[in-house]
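Colleague: Quick one, what's the 3D model for this:
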Amino acid sequence: MGKTKIFHSQGIMLLWTSTSDTPSQFHTFYAAIIFLALGNSGQKLTENFLEYQLEEKIEARQAVGGGSTHKKKELEFMDKVLIRSWMYAPCVVGYIITIIYAFVVDDKYEHTFRFAALFMGGTYMVFLAGSAWYSREELPVESNLRKIYRILKAALWKRGAKYPTSPSRYYWKGCKQDHHYKHREGVRLVPPVPRLCRWLDKAAILEPEDSRVGVEVQEKNMKLCTVKDVREVKSLVPMFYLGFAFFGYSLLVATENTFFVAQASNMTSKITKNDNDIFLLFLIKEGVSDVSRFICFLIGCAFRRLKHFKFIDNVCNKKAAIVRIGFGMVFAVICSLIAWKVEVGRLNVNKEMGYIEEGRNSTVALVPQFSLMGITEGLVEGGMASLFRRHVAKSMWSFGDAFGGLVIGSGKLLIIPLVLGIPSWFKDTLNASRLDRFYLMLGILNAVFLLVFAYYSFMYAYKVVCPEDDQPDSESSQVEESKGENPDFVESTVEIQLENNGSQQRL
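Modeller: All right, here's what the predicted structure looks like:
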C-alpha cells in the first residue's frame with residue numbers, strides 16, 4: 001500500500017514538472033503516466049487494506065462486548081453500514097475538493113498538480129505515522145498459486161485415469177462426501193465446470209497403485225490432492241468463463257477513456273467557464289458510479305432487515321449479484337445507444353456548417369452517456385466483485401482484484417487491433433470518422449454478451465454451492481482420528497482389490 005502512494009505522488013509531481021516549458025516536458029509527461037498507472041494498479045489494494053483495518057477494529061470491539069443473538073445481529077448490521085460509510089468518506093472529500101478546483105480555484109494545471117502532489121505527500125506521511133497501530137493479516141501457509149500448481153500436476157499425472165463409479169474412490173478429507181453428481185458412467189465433484197476443465201477432478205482420485213503408498217506420501221509428492229482443494233480451485237473456473245461475457249463491457253470502458261474524451265474535445269464547452277468540462281464529466285461519472293454502489297449496498301441491507309429475508313443464504317446473495325451485473329450490462333447497451341445518438345446528432349450539426357442546434361453540439365449532450373457509464377460501472381464492477389466472493393472459495397479471494405483487472409484490461413488492449421482493423425471508421429479527425437457506427441456496434445456487442453453472461457451464469461454459477469458451505473461430518477472425522485488413517489482410503493482400497501480379483505477370475 002505504501003508503494004501505491006509513492007507511485008501516485010511521484011506521478012503527480014512529474015505532471016507538475018511537465019507543465020513547465022522545458023525541452024524534456026514530453027518525456028516527463030510519459031514518465032508520469034507510467035507512475036500513475038503503477039499507482040492505480042494498487043488502488044484496490046488500498047481499499048482492501050482500509051476495509052480490513054475497520055473490520056478488525058469492529059471485531060475487537062464486539063469481542064469485548066456481549067449480548068443476545070438478536071442484539072449481535074443488530075450490531076453486525078450497523079457495523080456493515082459504518083464500514084461502508086467510512087469507505088465512501090474519502091471519495092466524498094475528493095469530490096468536494098475537485099468541484100472547488102473546477103469552479104472556484106485558478107484553472108492552471110500547474111497549480112492543480114502542485115496541490116495534488118503536496119496533498120498526496122501529506123496523506124502518505126499520515127499513513128506512515130499510524131503504521132504502529134495497524135492490524136497485520138496472517139499469510140496462509142501455502143500460496144494459492146502453489147495449490148493450483150499441485151492440482152494441475154496431480155491431474156495431469158492421472159490424465160489417463162477413468163472417473164470412479166463410487167464417491168469413495170475420491171480422497172475425501174475434511175469435506176462432506178455428498179457433494180458429487182453423476183455424469184455419464186462416472187462420479188464428478190461439485191461444482192460442475194465446463195467440459196475443458198472437468199479433468200481437474202482426477203487430482204483427487206485414488207488409483208489402484210495408491211494402495212501401496214501412503215496418502216501423506218502421495219500428497220507430499222503432488223500426486224494426490226484432497227477433494228476440498230480441488231473444489232476450491234474449480235470454483236475459479238466458471239468465473240474465468242464468465243469473464244469472456246464482459247468483453248463488450250470492457251470495450252465500452254476503453255471507449256470511455258478514449259473516444260468519449262475525443263467527443264468532448266470537439267464540442268463546445270458549456271458546463272464550466274474555464275473549459276474544464278472533460279474534468280467535470282469524469283467527475284460526474286465517478287460520482288454516479290459510487291452512488292449506484294452505495295444504493296445497491298443499502299438495498300441489500302434493507303432486504304436483510306425484512307422478516308421475509310432474514311434467512312438469506314449465500315446462494316441468494318449470489319443470485320442478487322448476477323441480477324445486478326445483468327442490469328449493469330443492460331445499462332451498457334443503453335449507454336452505447338445514447339452515445340450513438342449523440343454522435344449522429346453531432347455529425348449532422350457539423351455537416352450543416354451553421355451550428356443551428358448548438359445545444360446538441362455542446363458538452364451538455366455528453367452528460368447522459370457519462371452518467372449511464374457511471375451506473376454501468378457501479379453495477380457491473382460492484383456485482384463482479386460480489387459474485388466473485390459469493391462463488392469462489394474464501395481461500396481464493398486474493399485473485400479477485402487480478403480477475404477484475406484482467407477482464408477490464410483485456411478490452412483496453414483489444415480495442416487497439418479493433419481500431420486498426422477498421423480504418424474506414426477511424427480517420428485522422430473526429431469529423432471524418434464514423435464513431436456512430438462504432439457506438440452502434442458496441443451496443444449490439446453488449447446485448448449479445450448479455451445473453452452469453454445469462455447462459456454461463458445460469459449453467460455454472462446460479463445454483464452452485466460455494467465450497468465454504470461444506471462442513472466435514474463429525475462422525476467421519478472422529479473415525480479418522482480414532483483409527484489414525486483415512487477411512488475413504490481404506491474403503492477404496494478394498495473396492496480396488498475386489499475389482500482386481502473379479503477381473504482375474506474373468507481372465
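
Colleague: When you work out contacts or count neighbours from here on, use the C-alpha atoms and nothing else.
Modeller: Will do.

Colleague: Surely Ile271 is in contact with Val364?
Modeller: Yes: the criterion here is Cα atoms under 8 Å, and Ile271 meets it with Val364 at 6.7 Å.

Colleague: those helices in the stretch 151-300 of the chain, which residues are they?
Modeller: Along the stretch 151-300 of the chain, the segments classed as helices by DSSP state H, counting those that start in this stretch run 215-220, 227-234, 237-244, 247-256, 259-265, 277-305.

Colleague: and the first one, which residues are buried?
Modeller: Within helix 215-220, the residues scored as buried using 16 or more other Cα atoms under 10 Å are Val215.

Colleague: Could you do stretch 407-426 as well?
Modeller: For stretch 407-426, by 16+ other Cα under 10 Å, it's 407-412, 415, 425-426.

Colleague: what helix or strand does the spatially most central residue of the chain sit in?
Modeller: Closest residue to the average C-alpha location of the chain: Gly404 at 3.5 Å, with Cα atoms, centre = their mean. Assigned by DSSP states H and E, Gly404 belongs to helix 400-421.

Colleague: what helices or strands is whatever helix or strand comes next after that helix leaning on?
Modeller: Moving toward the C-terminus from helix 400-421, the next helix or strand (DSSP H and E) is helix 435-460. Packing contacts for helix 435-460, counted by 3 or more Cα pairs under 8 Å, 6 or more residues apart in numbering; DSSP states H and E, involve helix 237-244, helix 247-256, helix 314-352.

Colleague: Quick one: distance of the helix or strand following the last one to the chain centre.
Modeller: I take that to be helix 314-352. Once the chain leaves helix 314-352, the next helix or strand it forms, by DSSP H and E, is helix 367-391. Its chain's C-alpha centre and that of helix 367-391 lie 10 Å apart, by Cα atoms, centre = their mean, to the nearest Å.

Colleague: and helix 367-391, what does it pack onto?
Modeller: In terms of contacts (3+ Cα pairs under 8 Å, 6+ apart), helix 367-391 is packed against helix 277-305, helix 314-352, helix 400-421.

Colleague: could you check the angle helix 247-256 makes with the first one?
Modeller: When you say that, I think you mean helix 277-305. 140 degrees (axes from the mean of the first three to the mean of the last three Cα atoms, to 10 degrees).

Colleague: chain center to helix 277-305: distance?
Modeller: What separates the centre of helix 277-305 from the centre of its chain is 17 Å, taken as Cα atoms, centre = their mean.

Colleague: swap in the second one?
Modeller: Relative to the mean C-alpha coordinate of its chain, helix 314-352 is positioned 19 Å out (Cα atoms, centre = their mean).

Colleague: number of nearby residues for Leu236?
Modeller: When neighbours are counted by other Cα atoms under 10 Å, Leu236 registers 20.

Colleague: So which residues of the stretch 1-150 of the chain form helices?
Modeller: Using DSSP H, counting those that start in this stretch, the helices found in the stretch 1-150 of the chain span residues 2-18, 25-41, 43-64, 69-103, 109-129, 144-157.

Colleague: C-alpha coordinates for the third one, PDB please?
Modeller: These are the backbone C-alpha positions of helix 43-64, laid out as PDB (Å, rounded to 0.1, in the frame of the first residue of the first chain):
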ATOM      1  CA  GLN A  43      -5.700   1.400  -5.600                       C
ATOM      2  CA  LYS A  44      -8.000  -1.600  -4.900                       C
ATOM      3  CA  LEU A  45      -5.300  -3.000  -2.500                       C
ATOM      4  CA  THR A  46      -5.500   0.300  -0.600                       C
ATOM      5  CA  GLU A  47      -9.300   0.000  -0.300                       C
ATOM      6  CA  ASN A  48      -9.000  -3.600   0.900                       C
ATOM      7  CA  PHE A  49      -6.400  -2.500   3.500                       C
ATOM      8  CA  LEU A  50      -8.800   0.200   4.800                       C
ATOM      9  CA  GLU A  51     -11.700  -2.300   4.900                       C
ATOM     10  CA  TYR A  52      -9.600  -4.900   6.700                       C
ATOM     11  CA  GLN A  53      -8.500  -2.300   9.400                       C
ATOM     12  CA  LEU A  54     -12.100  -1.300  10.000                       C
ATOM     13  CA  GLU A  55     -13.300  -4.900  10.300                       C
ATOM     14  CA  GLU A  56     -10.500  -5.800  12.700                       C
ATOM     15  CA  LYS A  57     -11.300  -2.800  15.000                       C
ATOM     16  CA  ILE A  58     -15.000  -3.600  15.000                       C
ATOM     17  CA  GLU A  59     -14.400  -7.300  15.700                       C
ATOM     18  CA  ALA A  60     -12.200  -6.400  18.600                       C
ATOM     19  CA  ARG A  61     -15.000  -4.200  20.000                       C
ATOM     20  CA  GLN A  62     -17.600  -7.000  19.600                       C
ATOM     21  CA  ALA A  63     -15.300  -9.500  21.300                       C
ATOM     22  CA  VAL A  64     -15.200  -7.300  24.400                       C
END
